[in-house]
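**Q** Kindly return the folded structure for what I paste below:
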Amino acid sequence: MLEFLTNRILPPDADPNDMIVRSKVGKRSGILGIFANLLLFASKIAVGTISGSVSITADAMNNLSDASSSIVTLVGFKLAERPADENHPYGHARFEYLSGLAVAAMIVVIGFELAKTSFDKILHPEQVLFSGALVVVLLLSIGVKLILAAVNGKLGKTIDSTTLLATATDSRNDCITTAAVLLSAVFAHLTQINVDGYAGFAVALFILYSGAIMAKDTISPLLGEAADPELQRAIITALRSHEKILGFHDLMVHDYGPGQRFASVHAEMDMREDPLLCHTIIDDVERYVLDQYGIHLVIHYDPIVTNDEELNRMRESVDKVLKSIDERISIHDFRMVRGDTHTNLIFDMIIPYELSDSRQQIKRQLDTAINLTDTKYYTVITFDTCGFNGEDIWETCN
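**A** Below you'll find the predicted structure:
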């Protein structure tokens with residue numbers, strides 16, 4: 001069943017990286033979710049009404065919210081596929097994130113309403129009628145939700161969709177909540193102890209929790225979260241594949257939605273290299289990253305001096321002093337400007353976020369150390385944080 005549904009939504013010969021295919025997968029998954037959840041809602045609302053079980057009714061409302069979520073997902077993928085226009089040159093792919101946020105809001109509202117209803121049932125309990133139909137409907141729901149979780153999870157990973165992965169997580173959570181409802185019904189039938197209101201309240205709390213987590217996951221990319229580490233490493237690997245690129249820094253990735261990612265980075269190359277050769281290498285890397293990962297990369301060329309003995313010596317001295325202060329500190333864009341009375345050492349310093357308030361203290365320590373024997377060096381420092389500065393920097397900054 002899993003393979004059948006997956007292949008129907010995403011044919012084996014389709015390219016998952018193609019934006020048209022991606023949009024079709026999202027819309028087909030949404031249609032599947034609408035149909036399955038409406039079926040479960042109708043079954044549970046009937047059984048819940050007949051049996052008088054608030055927990056089953058709560059679970060039915062959860063399925064109704066899931067059906068609504070699938071509608072929003074369907075609309076979100078449809079809007080996200082709209083091409084760029086004059087007012088939105090980066091496209092409309094962020095509609096997928098907005099649809100996820102709308103889904104989260106709906107889940108929170110429904111969870112709150114169910115919590116109120118369940119609390120009332122705790123204060124004023126009513127007898128729940130146990131039946132074979134109740135057990136069958138709940139077992140059917142668990143089976144359907146397991147299939148939906150597996151299908152959306154596999155599709156979400158294949159097309160790299162946070163919306164489908166969130167839907168898969170929601171379906172998995174539904175299996176847990178429905179199992180709790182079933183166990184409470186069986187427990188009440190065997191012991192004559194009515195825990196229906198408590199089970200419904202627990203389900204409502206779980207729905208609220210799931211909605212909050214989903215909201216967090218969808219708001220984060222809208223606020224400008226850090227790029228996926230695997231994506232960062234892919235760009236870094238492309239840069240390191242050319243021996244002429246001696247270093248890199250200030251890698252920034254801007255996410256305008258799936259398939260609409262833009263990035264920029266500074267690449268350091270020996271100033272003695274032919275500028276035309278450097279330009280060709282940069283073009284090659286930019287095209288490679290676009291072809292392989294769909295990222296529009298812009299590389300800023302930084303020519304650096306490599307054959308100045310004094311500059312190299314002072315860079316090593318500065319680096320050694322900073323490492324003695326904190327191993328996570330590093331530098332780049334190191335330049336030397338000589339004058340009649342002193343020499344300026346100009347560079348960028350990368351520091352962990354928690355050291356941001358210690359910038360002047362670090363500078364004073366560095367100035368004191370490098371001028372113990374010679375007072376002609378002045379430091380001109382631009383402070384950077386770890387977020388945009390290379391794979392090795394990200395690993396040591398945390």
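
**Q** who are the neighbours in contact with Val72?
**A** Neighbour list for Val72: 99, 102-103, 106 [criterion: C-beta atoms under 8 Å, 6 or more residues apart in numbering]. C-beta here means a position set from N, CA and C on the backbone, and glycine is covered the same way.

**Q** mind listing what's buried in the helix or strand it falls within?
**A** Assigned by DSSP states H and E, Val72 falls within helix 54-80. For helix 54-80, the neighbour count (16 or more other C-beta atoms under 10 Å) marks 54-77, 79-80 as buried.

**Q** Give me the angle between the following helix or strand past it and helix 54-80.
**A** Going down the chain from helix 54-80, the next helix or strand is helix 95-123, by DSSP H and E. Comparing the axes of helix 95-123 and helix 54-80 via axes from the mean of the first three to the mean of the last three C-alpha atoms, to 10 degrees yields an angle of 170 degrees.

**Q** so what secondary structure elements neighbour helix 95-123?
**A** Here helix 95-123 touches helix 54-80, helix 162-191, helix 196-223, going by 3 or more C-beta pairs under 8 Å, 6 or more residues apart in numbering; DSSP states H and E.

**Q** any low-confidence regions in this protein?
**A** 55, 126-129, 224-227, 258-259, 372-375, 385-398 (pLDDT under 70).

**Q** try 50 this time
**A** 390-398 (pLDDT under 50).

**Q** Which single helix of the chain contains the most residues?
**A** helix 19-51 (DSSP state H).

**Q** What angle do helix 196-223 and that helix make with each other?
**A** 160 degrees.

**Q** how about helix 19-51: buried residues?
**A** Buried, per 16+ other C-beta under 10 Å, within helix 19-51: 19, 22-30, 32-34, 36-38, 40-41, 43-45, 47-48, 51.

**Q** returning to what we had before: how distant is the helix holding Val72 from the center of its chain?
**A** When C-alpha coordinates are averaged (C-alpha atoms, centre = their mean, to the nearest Å), helix 54-80 and its chain have centres 22 Å apart.

**Q** which residues touch the residue of the chain positioned farthest from its centre?
**A** Distance from the centre of the chain peaks at Asp340, with 52.7 Å (C-alpha atoms, centre = their mean). By C-beta under 8 Å, 6+ apart, the contact list for Asp340 is empty.

**Q** Let me know the secondary structure of it.
**A** Using DSSP: H, G, I helix; E, B strand; the rest coil as the criterion, the local structure at Asp340 reads coil.

**Q** how close does it get to Ile207?
**A** 73 Å (C-beta to C-beta, to the nearest Å).

**Q** so who does Gly156 touch?
**A** Per C-beta under 8 Å, 6+ apart, neighbours of Gly156: 162-165, 167-168.

**Q** Let me have the contacts of Val72 in JSON lines, extended by neighbour count and distance to Gly294.
**A** Below are those laid out as JSON lines (neighbours: other C-beta atoms under 10 Å; distance: C-beta to C-beta, whole Å):
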{"residue": "Ser99", "neighbour count": "25", "distance to Gly294": "21"}
{"residue": "Ala102", "neighbour count": "19", "distance to Gly294": "26"}
{"residue": "Val103", "neighbour count": "27", "distance to Gly294": "25"}
{"residue": "Met106", "neighbour count": "19", "distance to Gly294": "31"}
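
**Q** Relative to Thr280, which of those is nearest.
**A** Nearest to Thr280 among the contacts of Val72 is Ser99, at 42.2 Å by C-beta to C-beta.

**Q** How about the contacts made by the closest residue to that closest one other than its chain neighbours?
**A** Among residues not flanking Ser99 along the chain, Gly76 sits closest, at 2.4 Å (C-beta to C-beta, 6 or more residues apart in numbering). Contacts for Gly76 (C-beta under 8 Å, 6+ apart) come out as 26, 95-96, 98-100, 102, 163.

**Q** Which two of the residues you listed have the greatest separation?
**A** Gly26 and Ala102 (14.5 Å).

**Q** one step back: so which of the helices and strands packed on helix 95-123 comes closest to Lys154?
**A** helix 162-191 (8.2 Å).

**Q** Would you indicate which residues of the closest one are buried?
**A** 162-175, 177-178, 180-182, 184-185, 188.
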